[in-house]
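In: prediction below, plus the sequence it came from.
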Number of protein chains: 2
Amino acid sequence: MNTTRDQIIETTCELLETYGYYATGLNQILAKSGTPKGSLYYYFPEGKEELTSEAIERTGRRVAERIKHELSKIGDPGEAIRSFVSSIAYHVEASGFRAGGPLMIVAMETATSSERLNLACREAYHLLQQAFQEKLIANAFTEARAMQLAIFINASIEGGIILSRTSHSGDPLRNVAEMLGHLLNSLPRD
Amino acid sequence: MNTTRDQIIETTCELLETYGYYATGLNQILAKSGTPKGSLYYYFPEGKEELTSEAIERTGRRVAERIKHELSKIGDPGEAIRSFVSSIAYHVEASGFRAGGPLMIVAMETATSSERLNLACREAYHLLQQAFQEKLIANAFTEARAMQLAIFINASIEGGIILSRTSHSGDPLRNVAEMLGHLLNSLPRD
DNA sequence: GTCTATACGGTGATAGAC
DNA sequence: GTCTATCACCGTATAGAC
């Protein structure tokens, strides 16, 4: 794995999470990663869109893995998700409300303005939802019902991140954690 | 009410909803609203940030009013919110996935990069949550419990809008509508 | 492969005529 | 109050030396 190329993508992931696609400049990426501009177009000949697409793909894979890992630590799905969302609340606070929801801004900005980035975001979100679905299927939910719940879980968390980053408080996310925990516990299994 | 100034704000509201703060240019606002650049700085001497702040405030007031109006049409709060979220799904689809969640992109982009815009977004979200809370208080929930639910409702809807705009389908939002409807119906009143 | 210098367009903002 | 002309700057992207 080429470390220069890798470092560019890694830095891009971080900046996209905080600032989004349009507010993140290539100069900013190069300065933060310590790379000269010539290298960027050597590794990403199609420019910013190609680089961002790779960064989104990496973020999707990484977050999906983190979800699987976190949810595997607790058996009961309601308690596992409650605990997972609480850990996001802590993460958002610890970052000074600059992190959390690494796909969100790019997904919204490019939903109708870049087909390539829209596709990347769509596939990334699908990976996250499959990770939630997997946990639910393993706990007596049908595939269809599990996906329906996974989408709702994903939506609530993303919304909770918006409200927490905006209000500069982890409380909205902790509220989501409690609500999802109760909801999953009160649901009849299939 | 000055119509030139008003038209600038109105156009800004529309563009912010689709493109966000950083991708919306002043030239774009002026072209779409048919206003010369000189007028913009006459009405908004502090420039883009002042204009955006006013646009966010207007959007917050407008959406809060729409929530109150929609929720007043149906007595049962679960059914009222289910119906309201379904109407958002239709709205997002009808716009070609360019509209829905008019605060979201700006809120995320400016959470830690502009104190003024962060404050405007925070207050706007608070107005929406008060609108939901009001409906719940009128239906036998305590103030505190009603606000807790209002925040969760707000988060789920915002997240549902992200997923619908990203996947180019109203289905995630309709899923949120059903889930929130069932959740509110299954909750014990205080 | 890596780097510097630069092109070119668009950005937010300003000055000053009318 | 409204408009035009123009500013300085930064964005992405490219050319070409080494």
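Out: The structure has been received and is ready for your questions.
In: which parts of the lowest-mean-pLDDT helix or strand in chain A are buried?
Out: In chain A, the helix or strand scored least confidently by mean pLDDT, DSSP states H and E is helix A:37-43, which has a mean of 90. Under the neighbour-count criterion of 16 or more other Cβ atoms under 10 Å in any protein chain shown, helix A:37-43 has A:40, A:43 buried. Placement of C-beta: from N, CA and C, glycine included.
In: measure the residue in chain A that DNA strand C sits nearest to to DNA strand D for me?
Out: Among all residues of chain A, A:Gly38 sits closest to DNA strand C, at 1.7 Å; criterion: Cβ to the nearest atom of the strand. Distance from A:Gly38 to DNA strand D, counting by Cβ to the nearest atom of the strand, to the nearest Å: 5 Å.
In: low-confidence ranges in chain A?
Out: A:1, A:190 (pLDDT under 70).
In: now do the contacts for the residue of chain A closest to DNA strand C.
Out: Contacts for A:Gly38 (Cβ atoms under 8 Å, 6 or more residues apart in numbering or on different chains) come out as none.
In: next, A:Ser113: secondary structure please.
Out: Three-state assignment for A:Ser113 (DSSP: H, G, I helix; E, B strand; the rest coil): coil.
In: ok, the closest residue to it other than its chain neighbours - how many residues close by?
Out: Nearest non-adjacent residue to A:Ser113, counting by Cβ to Cβ, 6 or more residues apart in numbering or on different chains: B:Tyr19, 7.2 Å away. Counted by other Cβ atoms under 10 Å in any protein chain shown, the residues lying close to B:Tyr19 total 21.
In: and for A:Arg116?
Out: Quick note: A:Arg116 (other Cβ under 10 Å) scores 14 neighbours.
In: again, but for A:Glu115
Out: Residues near A:Glu115, counting by other Cβ under 10 Å: 10.
In: what sits against the closest residue to A:Ile153 other than its chain neighbours?
Out: Nearest residue to A:Ile153 in three dimensions, chain neighbours excluded: A:Phe132, at 5.2 Å (Cβ to Cβ, 6+ apart). Contacts here follow Cβ under 8 Å, 6+ apart; on that basis A:Phe132 touches A:67, A:71, A:81, A:146, A:149-150, A:153-154.
In: which of the helices or strands spans A:Phe132?
Out: helix A:115-137 (DSSP states H and E).
In: how close does the residue lying closest to A:Ala99 once chain neighbours are set aside get to A:Lys37?
Out: Residue nearest to A:Ala99 in three dimensions, not counting chain neighbours: A:Glu17, with 5.5 Å by Cβ to Cβ, 6+ apart. Distance, A:Glu17 to A:Lys37, using Cβ to Cβ, to the nearest Å: 23 Å.
In: what about A:Ala107, is that helix, strand or coil?
Out: Classification of A:Ala107 by three-state DSSP places it in helix.
In: quick check, it in contact with B:Ile162.
Out: Yes. With contacts counted by Cβ atoms under 8 Å, A:Ala107 reaches B:Ile162, the gap being 6.0 Å.
In: between the two, which is the more surrounded one?
Out: B:Ile162 (32 against 27).
In: ramachandran coordinates for the more buried one?
Out: Backbone torsions of B:Ile162, given as degrees, to the nearest 10, read phi -60, psi -50.
In: around DNA strand D, which positions in chain A sit nearby?
Out: Where proximity means Cβ under 7 Å from any atom of the strand, the interface of chain A facing DNA strand D comprises A:24-28, A:37-38, A:41, A:47-49.
In: which of those residues are buried?
Out: Applying 16+ other Cβ under 10 Å to the residues of chain A next to DNA strand D flags A:24, A:26, A:48-49 as buried.
In: and the gap between A:Ile9 and A:Ala55?
Out: From A:Ile9 to A:Ala55 the distance is 5 Å (Cβ to Cβ).
In: out of those two, which sits in the more crowded spot?
Out: Neighbour totals were compared for A:Ile9 and A:Ala55, and A:Ala55 leads with 27 against 19 (other Cβ under 10 Å).
In: wait, that one sits on A:Gly20?
Out: No. Using Cβ under 8 Å as the test, A:Ala55 is too far from A:Gly20 to be in contact (12.0 Å).
In: for the closest residue to A:Ile161 other than its chain neighbours, helix, strand, or coil?
Out: Once flanking residues are discounted, A:Ile161 sits nearest to A:Gly101: 3.9 Å by Cβ to Cβ, 6+ apart. Classification of A:Gly101 by three-state DSSP places it in coil.
In: I'd say A:Gly101 and A:Glu17 touch.
Out: Yes. Here A:Gly101 reaches A:Glu17: they are 7.4 Å apart, a contact under Cβ under 8 Å.
In: show me the helices in chain A, by range?
Out: A:3-19, A:26-33, A:37-43, A:48-71, A:77-94, A:104-110, A:115-137, A:143-167, A:171-185 (DSSP state H).
In: ok, and what's touching the second one?
Out: To tie it back to what came earlier, the one meant is helix A:26-33. For helix A:26-33, contacts defined as Cβ under 8 Å, 6+ apart pick out A:7-8, A:10-12, A:14-15, A:35-37, A:40, A:48, A:51.
In: buried subset of the residues you listed?
Out: For those, buried by 16+ other Cβ under 10 Å: A:7-8, A:11-12, A:14-15, A:35, A:40, A:48, A:51.
In: of the residues you listed, just say which sits nearest to A:Met179.
Out: Nearest to A:Met179 among those, counting by Cβ to Cβ, is A:Glu14 at 29.7 Å.
In: of the buried ones among the contacts of helix A:26-33, closest to DNA strand D?
Out: A:Lys48 (3.8 Å).
In: ok, and the closest non-adjacent residue to that closest one?
Out: A:Lys48's closest residue in space is A:Leu26 (Cβ to Cβ, 6+ apart), at 5.9 Å.
In: which ones are touching the nearest residue to A:Val85 once chain neighbours are set aside?
Out: Leaving aside its sequence neighbours, A:Val85 sits nearest to A:Ala177 (Cβ to Cβ, 6+ apart; 3.7 Å). Shown in contact with A:Ala177 (Cβ under 8 Å, 6+ apart): A:81-86, A:89, A:160.
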